[in-house]
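In: okay, here's the prediction I keep looking at, along with the sequence it came from:
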Amino acid sequence: SRKSKKSHHSDKDDLSPRHQHKPSGEVKPHLHKETKADPNAAISEAQPVATALEAPTMAPLRSLTHKDDKGNPITDPDFSNPTRYRWERPLETIRRFQEAIDQDYRRR
């Protein structure tokens, strides 16, 4: 049978960089703790139930003292949006924001 000369002869020095053996001390890039592809993160990550039962780290929005556009404290905040007065209509809020944006552009 006919066989090629290459099948009888293999040159080990010809290996491309991706086929070369890496020393075992070298850390593989997909195992870094900074990457999102860390397979060990699932082991050390907290369970969703445990996370939900933890005490919140942020203070509730209603506990803060909010101020209006003139710097006065909002004494009677709205239930759905504590950053505006209770009796202020949403359209008024939008108009005030638009006015503040326009004034900012006029200053430039």
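Out: That came in fine, so what should we check first? Residues are numbered from 1 along each chain as shown.

In: in the protein, which helix is the longest?
Out: Taking DSSP state H as the criterion, the chain has its longest helix at helix 90-107.

In: that one packs against which elements?
Out: Contacting helix 90-107 under the criterion 3 or more C-beta pairs under 8 Å, 6 or more residues apart in numbering; DSSP states H and E is no other helix or strand. C-beta coordinates here come from the backbone N, C-alpha and C atoms, glycine included.

In: for the record, mean pLDDT for that helix?
Out: Mean pLDDT, helix 90-107: 87.

In: contacting residues for T93?
Out: Applying C-beta atoms under 8 Å, 6 or more residues apart in numbering, one finds that T93 lies in contact with N81, R84.

In: quick one, phi psi at Y85?
Out: Dihedral angles of Y85 (phi, psi; degrees, to the nearest 10) stand at phi -70, psi 150.

In: might one say that it is in contact with F79?
Out: No - Y85 lies out of contact with F79 (C-beta atoms under 8 Å); the separation is 11.5 Å.

In: compare these two (neighbour count), which wins?
Out: Y85 (17 against 7; other C-beta atoms under 10 Å).

In: distance of that one from T65?
Out: 13 Å (C-beta to C-beta, to the nearest Å).

In: same check, this time on Q103
Out: Following C-beta to C-beta, the distance that separates Q103 from T65 is 24 Å.
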